[in-house]
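*Asks:* Structure for the following, please:
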Amino acid sequence: MRFLMHSMVAAAVCAVPGGAWAAAAQTQRLNVLLVMSDDLNCRLGCYGDPLVRSPNIDRLASRGVRFDHAYCQYPLCNPSRASMLTSLRPGRTGVRENQTHFRKNLPDAVTLPELFRRNGYFTARVGKIFHYGVPGQIGTSGLDDPPSWDHVVNPRGRDKDEEDRIFSLIPGRFGGTLSWMAAEGTDLEQTDGQGATAMVRLLEENRDRPFFLAMGFYRPHTPYVAPKKYFDLYPLEKIPLPEVPADDWEDIPRPALNDLPEQRKMSDDLRRQAIQAYFASITFMDAQLGRVLEALERLGLSEKTIVVFVSDQGYHLGEHRLWQKMSLFEGVARAPLIIAAPGRKGNGQASPALVELVDVYPTLAQLCGLEVPKGLHGRSLVPQLDDPQAPARQAALTEIQRGRGKEQPPLRGYSIRTQRWRYTEWDEGRAGVELYDHQSDPHEFHNLARDPAHAATVKELRELLHAEVARSN
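*Replies:* Now for the predicted structure:
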């Protein structure tokens with residue numbers, strides 16, 4: 001039997017005074033617009049990137065709270081989205097790859113949009129919110145969750161129809177292979193352009209009733225496809241390649257390094273082309289977000305709509321000589337998260353608090369005065385929306401697993417990020433340990449785990465990591 005909506009909220013989940021929930025229920029009923037970008041790292045203007053153009057995301061950050069230390073629970077689309085939308089870490093969802101639907105393990109879970117649907121909100125999604133494969137399942141519902149929505153739109157654009165024109169490091173292979181194209185035609189012909197058009201229409205049609213709308217953009221997920229004008233914004237000769245020490249891999253456990261043969265063989269010119277295409281896809285996606293936000297303004301909905309912008313995880317662009325995701329380094333575990341809620345005292349500021357993507361669920365519930373199921377792993381971020389300097393978690397947990405063949409169970413890696421440190425164990429330390437001091441080594445080049453001077457830190461963080469893992473199950 002599904003959780004009932006009148007269930008009491010667990011104090012450990014809420015992490016806020018109980019009266020705040022009742023107070024929220026007395027206020028104006030707010031709408032929610034959840035915007036998810038696929039495989040987007042923090043290479044954005046509002047996060048300090050000097051090259052990437054993201055004017056609409058930047059403007060959203062200027063009227064909301066930008067979380068500078070938000071971490072995914074698993075750096076892969078399906079596990080990350082399943083965790084965020086149920087507020088349960090992978091130890092509870094049982095989802096650690098892209099094939100398993102979370103309801104196989106959690107048939108009675110109440111998802112974030114389903115909570116709003118049960119409370120009288122119109123719920124709809126456009127594009128990829130729950131997982132489906134890109135680009136293979138574009139135009140379908142993939143691993144969507146029907147109980148979550150009143151209405152769904154699965155856009156399919158010119159990028160899907162012209163896959164045979166896309167350059168790929170492995171010809172004809174897309175999705176998990178680096179691939180890109182500077183497309184002909186207009187923004188509106190692309191899948192994300194069509195998605196933005198559909199979302200604008202949903203805003204227009206539902207402006208007079210409470211709604212929870214979710215816009216799932218596909219870019220910058222590979223293949224990096226955007227109209228050619230966006231590629232022109234990033235001349236190849238102006239794209240720097242990441243600096244990586246020659247001995248970078250010498251102190252890193254082998255399970256941490258998930259590079260692919262075709263990526264290791266890339267020339268510097270191909271690397272620059274890949275980065276150019278990724279940046280072009282970000283700016284193209286940002287432009288489509290701008291169309292949605294403009295409609296929100298035009299319809300007079302901005303002052304009664306919470307807007308959340310988030311990605312499912314970060315992304316490597318050659319750092320540590322790695323590409324894409326599926327690592328436990330900072331650049332992949334960390335994701336952009338912006339929450340713009342009307343009337344909050346922290347709007348326009350950045351929060352240094354450690355947060356996890358599972359925290360989005362209870363945050364939106366509290367802001368809209370809804371009670372959540374018991375036992376969620378997320379904690380409300382409403383305190384940080386009013387005081388961005390307020391602390392949140394002691395540590396943020398991210399995990400991953402590697403296959404070891406049919407005869408052995410998968411090898412798991414767990415990593416915690418504290419304000420100063422990142423500590424990682426592979427197979428409970430048997431396959432390697434990592435410790436990085438972000439105070440002096442923000443790029444995680446120097447593994448201090450075997451340095452006797454840091455033995456006490458390793459012991460302390462090991463205990464903290466194991467406690468977080470235990471709480472996840």
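*Asks:* With Asn78 as the reference, measure out to the spatially most central residue of the chain.
*Replies:* Centroid-nearest residue in the chain: Asp312, 2.2 Å away (criterion: CA atoms, centre = their mean). Per CB to CB, to the nearest Å, Asp312 is found 9 Å from Asn78. In this view, the C-beta of every residue, glycine as well, is placed from N, C-alpha and C.
*Asks:* same question, Pro223
*Replies:* 19 Å.
*Asks:* How about the residue nearest to the centre of the chain: what's its closest non-neighbour residue?
*Replies:* Excluding its sequence neighbours, the residue lying closest to Asp312 (CB to CB, 6 or more residues apart in numbering) is Ser80, at 4.2 Å.
*Asks:* Please apply the same query to Glu399.
*Replies:* Tyr414 (4.8 Å).
*Asks:* Confirm that that neighbour sits in a strand.
*Replies:* Yes. Tyr414 sits within a strand when classified using DSSP: H, G, I helix; E, B strand; the rest coil.
*Asks:* residues in contact with His320?
*Replies:* His320 makes contact with 244, 248-249, 252, 257, 327, 329, 444, according to CB atoms under 8 Å, 6 or more residues apart in numbering.
*Asks:* ok, of those, which come out buried?
*Replies:* Among the contacts of His320, those that count as buried by neighbour count (16 or more other CB atoms under 10 Å) are 248-249, 252, 327, 329, 444.
*Asks:* quick check, nearest of those to Asp161?
*Replies:* Taking CB to CB as the measure, Asp161 lies nearest Ser327 of the buried ones among the contacts of His320, at 32.7 Å.
*Asks:* what's the distance between the closest residue to Asn119 other than its chain neighbours and Leu85?
*Replies:* Nearest residue to Asn119, sequence neighbours excluded (CB to CB, 6+ apart): Leu370, at 5.4 Å. According to CB to CB, Leu370 stands 15 Å off from Leu85.
*Asks:* Let's see which of the buried ones among the contacts of His320 end up in strands.
*Replies:* Judged by DSSP state E, those include no members of strands.
*Asks:* Scan the chain for its longest helix.
*Replies:* Assignment by DSSP state H gives helix 268-298 as the longest helix of the chain.
*Asks:* Can you name every helix or strand that that one contacts?
*Replies:* Secondary-structure packing of helix 268-298 (3 or more CB pairs under 8 Å, 6 or more residues apart in numbering; DSSP states H and E): strand 31-37, helix 55-62, strand 179-183, helix 191-205, strand 224-227, helix 228-231, strand 305-311, strand 316-317.
*Asks:* Tell me which of these lies nearest to Thr283.
*Replies:* Of all the helices and strands packed on helix 268-298, it is helix 228-231 that lies closest to Thr283, at 5.0 Å by CB to CB.
*Asks:* quick one on the thing from earlier: please look at the residue nearest to Glu399 and Ala467 and confirm they touch.
*Replies:* No. The criterion here is CB atoms under 8 Å, and Tyr414 misses it with Ala467 at 11.3 Å.
*Asks:* With neighbour numbers in mind, choose between these two.
*Replies:* Taking other CB atoms under 10 Å, Tyr414 and Ala467 do not tie; Tyr414 has more neighbours (23 against 14).
*Asks:* For the more buried one, give me its contacts.
*Replies:* 397-399, 424-425, 465, 468-469.
*Asks:* okay, now Ala295: neighbour count?
*Replies:* Using other CB under 10 Å, Ala295 is surrounded by 19 other residues.
*Asks:* quick one: Ser351 is in a strand?
*Replies:* Yes. Using three-state DSSP, the secondary structure at Ser351 is a strand.
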